[in-house]
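>>> take a look and give me a structure for this.
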Amino acid sequence: MKASRAGFRRELGSLDGVFRFLGEFADAVGVDERTALCIDLVVEELFTNMVKYNDGGGDQIVVGLERIGDRLHIELVDNDVEPFDPAGVPDPAVAAGIADRRPGGLGLHLVRSMVDDLHYEYEPETRQMRVSVTKVLEN
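Residues are numbered from 1 along each chain as shown. Got it, this is the predicted structure:
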């Protein structure tokens, strides 16, 4: 088991640092390039949504990574925010024509399609939001 955590300023400009952190972890635990790209896309979408849409928000968003056997667990923690469950967002009507589509939800749809599990927790006492995903690694 290998694990790593780091906090990043709550701004889109932090994504370069997030990607470096993800890349270093992927290299350290032997994640293949295809899976590393998937992880980058998933974390970018979740981090960006937290920055753009979470009401309130502390100074940092914490990203945690852990490899246990053939699974990679990724967790993003945002403090001092209102509850929002990304796992509860309905899938967009991707088969509908452009005129019949409603904006939003494509990024989370992509996240759900790329991971094996998406989990959400909210602590009302601390106003802490925790989103975690699990990705089964290919051998």
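>>> where do the helices sit along this structure?
Under the criterion DSSP state H, the chain contains helices at 15-29, 33-53, 106-114.
>>> out of the ones you listed, nearest to residue 69?
The stretch from those with the least distance to residue 69 (C-beta to C-beta) is helix 15-29; that distance is 11.0 Å. Glycine gets a C-beta too; all of them are placed from N, C-alpha and C.
>>> mind listing what's buried in that closest one?
With burial defined by 16 or more other C-beta atoms under 10 Å, the residues of helix 15-29 counted as buried are 15, 18, 21, 22, 25, 26, 29.
>>> one more: stretch 107-123?
The neighbour-count criterion (16+ other C-beta under 10 Å) identifies 107, 108, 109, 111, 112, 114, 115, 118, 122 as the buried residues of stretch 107-123.
>>> touching, residue 84 and residue 129? I think so.
Yes. At 6.9 Å, residue 84 counts as touching residue 129 under the criterion of C-beta atoms under 8 Å.
>>> shared neighbours, those two?
Common contacts of residue 84 and residue 129, defined by C-beta atoms under 8 Å, 6 or more residues apart in numbering, comprise residue 54.
>>> look at those two and report which has more neighbours.
Per other C-beta atoms under 10 Å, whichever of residue 84 and residue 129 has more neighbours is residue 129, with 25 against 17.
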